[in-house]
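A.B. asks: Predicted coordinates and the sequence they were generated for:
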2 protein chains.
Amino acid sequence: MNWEDIAKELTVQTDSKIVLLVIDGLGGLPVRGKTELETAQTHNLDRLAMRGCCGLTDPVFMGITPGSGPAHLALFGYDPLRHQLGRGILEALGSEVEVRQGDLVARGNFATLRDGLIVDRRAGRIPTSECERLCSILNKAFAAQADPEIALFPGKEHRFVARFRTPGLADALTDADPQKDHKPPIPTAALSPEASKTATVVNHFLADVVKILEDEPVANAALLRGFSVQPSIPRMQDLFKLRPAAIANYPMYKGLAKLLGMATYKVGAETADLFGALESHYGEHDFFYVHFKKTDAAGEDGNFEAKVRAIEEIDAFIPRLEALKPDVLVVTADHSTPALMKGHSFHPNPFLLLAPTALPDETGSFTERECAKGLLGRFRSLYAMPLMLGHAGKLKKFGA
Amino acid sequence: MNWEDIAKELTVQTDSKIVLLVIDGLGGLPVRGKTELETAQTHNLDRLAMRGCCGLTDPVFMGITPGSGPAHLALFGYDPLRHQLGRGILEALGSEVEVRQGDLVARGNFATLRDGLIVDRRAGRIPTSECERLCSILNKAFAAQADPEIALFPGKEHRFVARFRTPGLADALTDADPQKDHKPPIPTAALSPEASKTATVVNHFLADVVKILEDEPVANAALLRGFSVQPSIPRMQDLFKLRPAAIANYPMYKGLAKLLGMATYKVGAETADLFGALESHYGEHDFFYVHFKKTDAAGEDGNFEAKVRAIEEIDAFIPRLEALKPDVLVVTADHSTPALMKGHSFHPNPFLLLAPTALPDETGSFTERECAKGLLGRFRSLYAMPLMLGHAGKLKKFGA
């Protein structure tokens, strides 16, 4: 029996409300002896740390640096070792492409084909407007055929997302991409018998693109990689009996949330917009995922000072969370992004839980090193969900 | 997906170097209020604890006392619940018997057979020289037959290791040992159809021994137990893309290391020899397992003072480790051996990690109780390897 089986059996719907604030990439490493979080003035978060209990979480397990997909899945109660999301599906989610059960999506490049060779895999990095024009030409041409339904969604420069819609698609396919310039285009190949029909569909598409774009001087072929079907992942409604909502303004996080059954809303780009949206929809749901991105972006840029400012910015909004009086409030991160490392890292995440049933520990401030002393100890992010559900009174007794 | 699958996919070879110092049986229990480690003066280890981050590890899980095999496997990144090494193979490794893929090995006793009964399972504990003489007689006799190749390797007193070499051997066999004196000898029996040929080979051997030794007055029969074939365990090169070396002077640890693909070297018996060998071969590898045995030996003897002295002895060599400037340095133990218990125990191991990406915690000295407060928390020894690889920059991101 794993956690998902237990969740299906033990969760109950109640009126209690859970707010999970994810401060993306929060954890860091010291510069002049202090981490970003230790450097920032965080009176509100420190006050919560004193009132609640703290710990440190590992998104996958010690030493593993997670992408945003697995790191968020774990926080939402899905084992990231069990549910893996393909690159294509994450790209599609990030590009706000609607993906239904059974759809196949892939990441695409426009490329230059000359004398039977791909001479430029990126078609000279054509401008985004050119990419939009080519996608529009192809979409018109493919609209003429009813089955399979094919749609292209332009991205930046030469990049696009391709979506195939017809019954029986599978994603056990090799990339249709020679990986290097001056090689002939390579068709996709099925990695399992179930995918052979899909390979035929995809290779027809690739040949059609070459025919349709034959008069284009630069971008006259397509490459596809990272084929993925909509993963069959249970919805949070079914698994946890929650009525969940995502309060996020970045497409990838909204897309991932939607995949799990969360309601999503149009939220402006400012931090205040997140809290405005949370307040507006607070009556409609019992689980709220609030996503704050600036900390991660500053960490990725290696900008220690900007990350400190981003932490102070989100800290100032904490009283608006408290004013809603959620039954359970968790403040944590998906993964660490130390400015020193300019990228995601394997370091554990500070984790803070506030609930009437939480035993306050001696954590005096919300930092990596204070959380290390917390009552919750060090645990896998996967256990954040049972912990929240438990404190929210949404989990029945296990066994008699 | 388990750690081994992830490791195969995510590890990359880099120039960074990892040193893992295993202080065998380090953890202990208090005598006059302090453990061996708390009693010892360990200025160097304490200094490292202040600079790095600490934790406590469980080799298998809480409450389980591991043998040296599983305890070391876990530290090397192999789940000891998944990879189990037979007693025969460990005995063979410890006796420096060369074991190839497909070989079957077993632990043997010379015994006294009289009137169809094993009247002494240890043949009166014949002297080691007698055991050597008998093995030599038998080896000469078996050398006459080409297949199966059979070789005996004398151990202490009545003990030996038997090695069988012929295609198709399996180790699903019952022990050929009556376990008690004054019982008839019992042949081995196959526990699976694949092992039936092997049972025939082994029982022929046992009958041959009785014939060859029929004129011997005391040791005139053999008993065999703990049959094991070379386990098919992936090499560290393939699993982790490491170029690993073992710096150890006890045969069992060298043998185990060799089984996992580590290079081994001739190392003298003194502690200084370990560090000399490490320094000599430091340019040739990127992972070094350094094994210090005296702490465990003193613990097994129940000699608290000797264990304290052994800890102080290894502490004095720490500056030589530091001088090599490894990218990741871990100091820990395979298992605990409290002098009070005169044997291995289930207590967790102090664990200390030093790396530029390690967030220093507030652990002020390297002891069991200080490590319990460390940032790494309490974790399974299995996660030591991903932790070391992560800090060494040898693990790519998991998922997108």
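C.D. replies: Arrived safely. Residues are numbered from 1 along each chain as shown, chains lettered A, B, ... in the order given.
A.B. asks: tell me the contacts of residue A:20?
C.D. replies: Shown in contact with residue A:20 (C-beta atoms under 8 Å, 6 or more residues apart in numbering or on different chains): A:75, A:287-290, A:330, A:332, A:384, A:388. Backbone N, C-alpha and C define where each C-beta goes, glycine included.
A.B. asks: The strand or helix carrying residue A:105 packs against which elements?
C.D. replies: Taking DSSP states H and E as the criterion, residue A:105 maps to strand A:104-114. Other elements packing on strand A:104-114 under the criterion 3 or more C-beta pairs under 8 Å, 6 or more residues apart in numbering or on different chains; DSSP states H and E are helix A:87-94, strand A:117-120, strand A:159-165, helix A:196-212, strand A:221-229.
A.B. asks: could you redo the last one with a cut-off of 7 Å?
C.D. replies: helix A:87-94, strand A:117-120, strand A:159-165, strand A:221-229 (3 or more C-beta pairs under 7 Å, 6 or more residues apart in numbering or on different chains; DSSP states H and E).
A.B. asks: Can you list the buried residues in that strand?
C.D. replies: Buried positions in strand A:104-114, judged by neighbour count with 16 or more other C-beta atoms under 10 Å in any protein chain shown: A:104-113.
A.B. asks: Over to stretch A:249-264?
C.D. replies: For stretch A:249-264, by 16+ other C-beta under 10 Å, it's A:249-250, A:252-262, A:264.
A.B. asks: Closest to chain B out of those?
C.D. replies: residue A:252 (9.3 Å; C-beta to the nearest C-beta).
A.B. asks: That closest one in helix, strand or coil?
C.D. replies: At residue A:252 the chain is in helix, as set by DSSP: H, G, I helix; E, B strand; the rest coil.
A.B. asks: My guess is it contacts residue A:90. True?
C.D. replies: Yes. With contact defined as C-beta atoms under 7 Å, residue A:252 reaches residue A:90; the gap is 6.5 Å.
A.B. asks: mean confidence for the strand holding residue A:105?
C.D. replies: The average pLDDT for strand A:104-114 rounds to 95.
A.B. asks: so what strands line up beside that strand?
C.D. replies: Strand pairing for strand A:104-114, determined by DSSP bridges: strand A:117-120 (antiparallel), strand A:159-165 (antiparallel), strand A:221-229 (antiparallel).
A.B. asks: Which residues does the second one contact?
C.D. replies: It refers to strand A:159-165. With contacts defined as C-beta atoms under 7 Å, 6 or more residues apart in numbering or on different chains, strand A:159-165 is touched by A:91-92, A:95, A:97, A:99, A:103-109, A:131, A:135, A:148-155, A:201, A:224.
A.B. asks: chain center to that strand: distance?
C.D. replies: Remark: strand A:159-165 is offset 19 Å from the chain centroid, using C-alpha atoms, centre = their mean, to the nearest Å.
A.B. asks: Report the mean confidence score over it.
C.D. replies: 95.
A.B. asks: helix/strand/coil for residue A:57?
C.D. replies: Look at residue A:57: counting by three-state DSSP, its state is strand.
A.B. asks: could you list every residue that touches it?
C.D. replies: With contact taken as C-beta under 7 Å, 6+ apart, residue A:57 is in contact with A:332, A:348-349, A:351, A:379-381, A:384.
A.B. asks: Run through the residues of the stretch 201-350 of chain A sitting next to chain B.
C.D. replies: Residues of the stretch 201-350 of chain A found near chain B (C-beta under 7 Å from any C-beta of the partner chain) are A:341, A:344, A:346-347.
A.B. asks: closest to chain B among those?
C.D. replies: Nearest to chain B among these: residue A:346, at 4.2 Å, using C-beta to the nearest C-beta.
A.B. asks: residues in contact with the closest one?
C.D. replies: So residue A:346 contacts A:63-65, B:390 (C-beta under 7 Å, 6+ apart).
A.B. asks: before we move on, what about residue A:135?
C.D. replies: Taking C-beta under 7 Å, 6+ apart, we find residue A:135 in contact with A:152-154, A:160.
A.B. asks: ok, now residue A:268?
C.D. replies: Going by C-beta under 7 Å, 6+ apart, the list of residues near residue A:268 reads residue A:249.
A.B. asks: now residue A:25
C.D. replies: By C-beta under 7 Å, 6+ apart, the neighbours of residue A:25 are A:295-296, A:299, A:333, A:335-337.
A.B. asks: Okay, and it sits in which element?
C.D. replies: Applying DSSP H and E, one finds residue A:25 in no helix or strand.
A.B. asks: Poorly predicted segments of the stretch 151-300 of chain A, please.
C.D. replies: Along the stretch 151-300 of chain A, segments meeting pLDDT under 70 are nowhere present.
A.B. asks: Give me the domain ranges for chain A.
C.D. replies: A:3-84+A:232-391, A:90-229 (automatic domain parsing).
A.B. asks: and residue B:35, which of the ones you listed is closest to it?
C.D. replies: Nearest to residue B:35, of all the domains of chain A, is domain A:3-84+A:232-391, at 21.8 Å by C-beta to C-beta.
A.B. asks: distance between the ends of the closest one?
C.D. replies: 16 Å (C-alpha to C-alpha, to the nearest Å).
A.B. asks: can you name the two of the contacts of residue A:135 that are farthest apart?
C.D. replies: Taking C-beta to C-beta, no two of the contacts of residue A:135 sit farther apart than A:152 and A:154, at 7.0 Å.
A.B. asks: Tell me who's in contact with residue A:205.
C.D. replies: Counting by C-beta under 7 Å, 6+ apart, residue A:205 touches residue A:150.
A.B. asks: What distance do you get for it to residue A:187?
C.D. replies: 10 Å (C-beta to C-beta, to the nearest Å).
A.B. asks: Compute the number of surrounding residues for residue A:396.
C.D. replies: 9 (other C-beta atoms under 10 Å in any protein chain shown).
A.B. asks: what's the closest non-adjacent residue to it?
C.D. replies: Taking C-beta to C-beta, 6 or more residues apart in numbering or on different chains, and ignoring the residues beside it in sequence, residue A:396 has residue A:10 as its nearest neighbour in space, at 4.6 Å.
A.B. asks: got it, and residue A:275?
C.D. replies: residue A:320 (4.7 Å).
A.B. asks: Go ahead and measure how far the helix or strand encompassing that neighbour is from the middle of the chain.
C.D. replies: With secondary structure defined by DSSP H and E, residue A:320 is part of helix A:318-323. Chain-centre distance of helix A:318-323: 25 Å, with C-alpha atoms, centre = their mean.
A.B. asks: What is that helix packed up against?
C.D. replies: Using 3+ C-beta pairs under 7 Å, 6+ apart: helix A:318-323 touches helix A:43-51.
A.B. asks: Off-centre distance for the helix it packs on?
C.D. replies: 28 Å.
A.B. asks: what about dumping the CA coordinates of it to PDB?
C.D. replies: Extracted in PDB, the C-alpha atoms of helix A:43-51 (Å, rounded to 0.1, in the frame of the first residue of the first chain):
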ATOM      1  CA  HIS A  43       9.800  39.700  10.500                       C
ATOM      2  CA  ASN A  44       6.500  38.100   9.400                       C
ATOM      3  CA  LEU A  45       7.900  34.700   8.500                       C
ATOM      4  CA  ASP A  46      10.100  34.700  11.600                       C
ATOM      5  CA  ARG A  47       6.900  35.300  13.700                       C
ATOM      6  CA  LEU A  48       5.200  32.400  12.000                       C
ATOM      7  CA  ALA A  49       8.200  30.200  12.600                       C
ATOM      8  CA  MET A  50       8.000  31.000  16.300                       C
ATOM      9  CA  ARG A  51       4.300  30.200  16.400                       C
END
